[in-house]
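**Student:** take this sequence and fold it.
(chains A, B, C, D, E and F)
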Number of protein chains: 6
Amino acid sequence: MTTETRPGTGPLLVVSAHAGDFVWRAAGAIALATERGDPARVVCLSFGERGESARAWREGRDLGEIKALRRAEAEAAAAELGAEIEFLDAGDYPLIETPELVDRLVRVYREVEPAVVLTHPPADPYNGDHPAACRMALQARVLAQAIGYDAPGEPLGAPPVFFFEPHQPEQCDFKPDTLLDITPVFGRKRRAMECLPAQQHMWEYYTDLARRRGVQLKRNAGPNLGLPNATMAEAYVRLYPQTTGVLA
Amino acid sequence: MTTETRPGTGPLLVVSAHAGDFVWRAAGAIALATERGDPARVVCLSFGERGESARAWREGRDLGEIKALRRAEAEAAAAELGAEIEFLDAGDYPLIETPELVDRLVRVYREVEPAVVLTHPPADPYNGDHPAACRMALQARVLAQAIGYDAPGEPLGAPPVFFFEPHQPEQCDFKPDTLLDITPVFGRKRRAMECLPAQQHMWEYYTDLARRRGVQLKRNAGPNLGLPNATMAEAYVRLYPQTTGVLA
Amino acid sequence: MTTETRPGTGPLLVVSAHAGDFVWRAAGAIALATERGDPARVVCLSFGERGESARAWREGRDLGEIKALRRAEAEAAAAELGAEIEFLDAGDYPLIETPELVDRLVRVYREVEPAVVLTHPPADPYNGDHPAACRMALQARVLAQAIGYDAPGEPLGAPPVFFFEPHQPEQCDFKPDTLLDITPVFGRKRRAMECLPAQQHMWEYYTDLARRRGVQLKRNAGPNLGLPNATMAEAYVRLYPQTTGVLA
Amino acid sequence: MTTETRPGTGPLLVVSAHAGDFVWRAAGAIALATERGDPARVVCLSFGERGESARAWREGRDLGEIKALRRAEAEAAAAELGAEIEFLDAGDYPLIETPELVDRLVRVYREVEPAVVLTHPPADPYNGDHPAACRMALQARVLAQAIGYDAPGEPLGAPPVFFFEPHQPEQCDFKPDTLLDITPVFGRKRRAMECLPAQQHMWEYYTDLARRRGVQLKRNAGPNLGLPNATMAEAYVRLYPQTTGVLA
Amino acid sequence: MTTETRPGTGPLLVVSAHAGDFVWRAAGAIALATERGDPARVVCLSFGERGESARAWREGRDLGEIKALRRAEAEAAAAELGAEIEFLDAGDYPLIETPELVDRLVRVYREVEPAVVLTHPPADPYNGDHPAACRMALQARVLAQAIGYDAPGEPLGAPPVFFFEPHQPEQCDFKPDTLLDITPVFGRKRRAMECLPAQQHMWEYYTDLARRRGVQLKRNAGPNLGLPNATMAEAYVRLYPQTTGVLA
Amino acid sequence: MTTETRPGTGPLLVVSAHAGDFVWRAAGAIALATERGDPARVVCLSFGERGESARAWREGRDLGEIKALRRAEAEAAAAELGAEIEFLDAGDYPLIETPELVDRLVRVYREVEPAVVLTHPPADPYNGDHPAACRMALQARVLAQAIGYDAPGEPLGAPPVFFFEPHQPEQCDFKPDTLLDITPVFGRKRRAMECLPAQQHMWEYYTDLARRRGVQLKRNAGPNLGLPNATMAEAYVRLYPQTTGVLA
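**Tutor:** Next comes the predicted model:
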């Protein structure tokens, strides 16, 4: 069976507010994509230089140093996952929505022609940049579909969008409807997390979370399926209805 | 590629309050299953003899005649779809929830060992039998999973549950999250509908609905997918998270 | 313009868990109906003898006395409003749902042939009898529509259902979508309330509420409408979509 | 009975993101208004020149031609419905919210003094322009009510707002609470749709929808009402509570 | 017991769209804070000069006069409550969100270091300024927590946020989860209200509301608690989970 | 400060569907209560003998043995937590709601006179017994408040109710609004868990969960509070509004 005939394959696009988000929340999905031969592109709207670099600020680094540091870490993590990465350097805390930034995302969509899109969920009372990134990612996807939108490339199809898991899922009204089995690539996710040494406390936290989501995956897949004990998973929420030829 | 290796295949179980529900709402899913070689079992909790047989009552038939009539129609429709059908004759309008009826459903689950379950959604302000059927179908599925539940057969796995579309979807808080392409089997769905002559006005209504859901399927699948113009679809809502190895 | 041609006129049916509910929550709607010449029927499933008669219990009355007391009060209030009243004496605290009680309500529907139905909303974390009454009132309405349901009378049409206001509206997820101007009949509502001397503290409470809902009515109707300063209102929630020939 | 005394009559204002929206979604309400003698004003914030003119772009038209084309079509449809039409030419895909555009809408409100307002619902994951139009229409309505807002004319009253039906209602959390009988004017709606030849596939689609909403209207109005078999309807959602003197 | 050891004490910050909001909605909470020795700061983003000063406009005052009037009234009310007050004069109707205004609020947070924050709830279909104030208050709170945000002072902790009650609570999806007993300070709330003579009709309205919320407080606290008959209360909704060492 | 004057102290009542639920979900709250000197009573409606004893069934035990086993484990866990425990032996899978069982709970309420009540949340698509237990616990609490309800003891006050955390919180619409710091008693919770040897895989799972909820507690309490790194917490949802004299 060739990859072309497998459902859902094709380029993966990840739109992330800050440099580290794609690692904690979607590294498994990225590694699964690249392992099966699909290209993956991560777009970081900012480096998370102000809002998610507390340790570096406490160590007295300046803004330029911090951006360079976060870029280097994120590039290493993306390399571990086999993904391309791009930084729009739009600033964080706050990440401000502008038509220009949306237009840059439209151009990314037209260039990447993603088969699947991952981004933040639309609500997060702990971090205003995440919903802002979500709104821009969704708005750009719709604009990229219009033949009349003035940007290079062909009009986009209708790639499904999945929201990845926020740090406090219930408070963000994040009710997982898709549990992705990342067991085969969890080692790569762990190594990608270890590319972010300033947030070492997160390594265990997100390993635990993968295990917890794995337990739920097994519970929802049925105990008879013979899944390994140490199933690891990531949780997602689908924005649009799934289109399919088979209920399963 | 053999059917064994295709995701989602295995026995299909449909739990329906009245004799006709499975036709209007799920005939496409049933025909897809049987065409790919999976067994399908329809369980009708009642014949719909009181609540969904207005024409027969107006024609002066008695209760026994009406039950026989509805049974014959439903058997013909099931045959057209290649499905087995079973009637529990529990009465309708109202369909009353009892532990005994739930127990009968547990035994059906243990016998059929479904890979997928279809039933009514849990809310319907126009028909109390539909939510009652849903609650019993869900309760029985959970009970059948327990090794300690005293009924023949092995404990059930965790088959996914899909709610099929009610007559007034928005009023039933039915927000489709799965659009099933039934184009290849729509002819069989139409012929199954035509096995129910007393509700002829529904034939066009549900053909229109399939076309409308097909337009939505195309819109959500992307205009570039080369789907046929006359795509036909059925809408479903998934109760539990999807478990998967690929986002698509 | 005769009353026959006015929209919404015809018999009014109020299904109430306890003897007093119809007064606090719907006396305005009842008085408006009877003033315009429509018959109104109140059905009290219980007298509220256990759960809503604290003062009488503290005074040492026995169950029979309390039922007689509550009946007399409710009859007086209904008379003040020009409504017929009927007591099913099904017991309260708890009011237990049974097929027999639902069947009695079906017979009421077939007899009254209501053009409009009022009852409790479906959620109330302070009082389980209220949602039980609601569920039975709704279930009976659907059953009464079926020609195959074995009860005297003609199959019911599809009268709109309005939920009246519970004591703690927000906690019951009661979001008013209909504000009824009861200014012309507020005096009768007040006098009906005064027929319930054991709950004197409620007289002011529900007068205040009517004033508050009146302020909201004026706010939503527009300041230019010339409504009187002391507009009084009752709040309702509609269960089914409004059907109309004019948007207003 | 003169029109002045009928409830809900008075000027109708429709705020539409693109040139065609008012036709598919609200032509029935517009035609009902003008047939009973009420003025109707349609405000198109854009021509839909980029996002809803795919065929013209594929035929190689330029932006100016497409705007002219869409304007001409919309003017013809408005004429068929007896409505005035105005184009603010604010651009689409994206339609960008600005204080200036909101201010222009305030001035429209002050001039038209609408008795009823129709616009898009606040959520639409398929089209960001629709919610943007909604937010501006609602914001302008509130501003126009303030005597302190600096614009010509008198402070606005509190006209009710109805959201018209989006293309994928369930995905937009659109739960109809008002079904408008447009049977008497459906011919005019059909002719207005036929003024938009580039979207010929929509003619049948929205005729089917009107029929489907008509079936629901009959179901909710009661089978005994003697409505014609071919009842046609449009679905709406009311934003503010209905204020009324009669429950119906 | 000293105030230092009492939970929840520390500076109180109130972010209000217009000059009067803090009085009607939160004067009780403010007076409780200052009576127990905590500082309270009220920030009014605007004077409510256009949208909430109808009487002054009708009397022919100009914009400067109205601002001065509203400022004087609000200062008097704040003095009555023992609170500091600050006016950002950002304009109302509409209150426009800008990064600059958010930045000013960040500086207020860093300066006040609030232990508790009060602001408007996020939805209000009657007044767009209220949600705008809410969004800015929340966004600024998050930004003020980041060490990398460039503003004087220390990074903020995570003070709880409570939404105060809007004028039409149900329409704003305001479901109170916290009822604050303001009986001991109600006299001060009343006097603060009386500092706003142009809105005299609100004095009784909000006195009634306090009584109504007091009745609910007693109902939820239990009838056995011996609360005074005339308990007065304010209703709030908590945004973030309560953190506690005891369930009560 | 004596314990009598601390808010929220007084008897704790836990209503649990099966024998083990109170350990995984509420052992921290129980141990906190008993450590501060409050009595705690656990009521197990069943032993979980059919639905939550898979290992014992696989080992070939019979029903009587399994009940005895579960009872012994639960008694040991309760002893570790300092709580009284009572078994109603009402059967599980399914736990069937009956008026008699509710009446037994009313008598427990009247006897215990709880100051706080803990039980299951009202939705759980994985286990129908949990919502059944919840509904009965809530219904009995309301009945116990009525002076007219015929059971020994005084009418109950209005103790707050907290729902404890289900196994798959998001799927049960469980959005924590209260995070309880159980750090001081976590050792006792761990030891209570270890009293249930058949579910050893849950020990780590619920230790991880306590750590995760502890991280969230710290995040919501503010980083400046000096909470220990290894804060452990349990999550709860409050059913009724909190009544309080201070916002915190």
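**Student:** low pLDDT regions in chain A?
**Tutor:** Chain A contains residues with pLDDT under 70 at A:1-8, A:223-226.
**Student:** scan it for its longest helix.
**Tutor:** Identified as the longest helix of chain A according to DSSP state H is helix A:200-221.
**Student:** so who does A:L227 touch?
**Tutor:** A:181, A:183, A:217-218, A:221 (CB atoms under 8 Å, 6 or more residues apart in numbering or on different chains). For the C-beta atoms, the positions are set from N, CA and C on the backbone; glycine is no exception.
**Student:** could you rerun that using 6 Å?
**Tutor:** Residues in contact with A:L227 (CB atoms under 6 Å, 6 or more residues apart in numbering or on different chains) are A:K218.
**Student:** for chain A, which residue gets nearest to chain C?
**Tutor:** The nearest approach of chain A to chain C comes at A:D173, 16.8 Å away (CB to the nearest CB).
**Student:** helix or strand: which one has the closest residue to that residue other than its chain neighbours?
**Tutor:** Spatial nearest neighbour of A:D173, chain neighbours left out: A:A123 (5.3 Å); criterion: CB to CB, 6 or more residues apart in numbering or on different chains. Assigning secondary structure by DSSP states H and E places A:A123 outside every helix and strand.
**Student:** same question, A:E86
**Tutor:** Following DSSP H and E, the helix or strand that holds A:E86 is strand A:84-87.
**Student:** contacts for the longest helix of chain A, please.
**Tutor:** With CB under 6 Å, 6+ apart, helix A:200-221 has contacts from A:24, A:179, A:193, A:227, A:231-233, A:235, B:158, B:240-241, B:243, F:168, F:208.
**Student:** neighbour-wise, which one of those residues leads?
**Tutor:** Using other CB atoms under 10 Å in any protein chain shown as the neighbour test, the contacts of helix A:200-221 are led by A:A233, with 30 neighbours.
**Student:** got a list of what that residue touches?
**Tutor:** Each residue near A:A233 by CB under 6 Å, 6+ apart is listed here: A:179-182, A:213-214, A:217.
**Student:** for ChimeraX, what selects the buried ones among those?
**Tutor:** Those of these that count as buried under 16 or more other CB atoms under 10 Å in any protein chain shown are selected in ChimeraX with:
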select /A:179,180,181,182,213,214,217
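**Student:** around chain E, pick out the residues from chain A.
**Tutor:** Residues of chain A lying near chain E by CB under 6 Å from any CB of the partner chain: A:50-51, A:53-54, A:57, A:93, A:128.
**Student:** hmm, back to that, adjacent strands (with direction) for the strand holding A:E86?
**Tutor:** Taking DSSP bridges as the criterion, strand A:84-87 sits next to strand A:40-44 (parallel) in its sheet.
**Student:** rewinding a little: what about the residue of chain A closest to chain C, distance to B:E86?
**Tutor:** To B:E86, A:D173 is 41 Å away according to CB to CB, to the nearest Å.
**Student:** gap between stretch A:161-170 and the chain center?
**Tutor:** Between the centre of stretch A:161-170 and the centre of its chain there are 10 Å (CA atoms, centre = their mean, to the nearest Å).
**Student:** go on, stretch A:166-176?
**Tutor:** With CA atoms, centre = their mean as the basis, stretch A:166-176 stands 15 Å off its chain's centre.
**Student:** what backbone torsions are found at whichever residue of chain A sits closest to chain E?
**Tutor:** Closest residue of chain A to chain E, CB to the nearest CB: A:R50 (3.4 Å). A:R50 adopts backbone torsions of phi -100, psi -40, taken as degrees, to the nearest 10.
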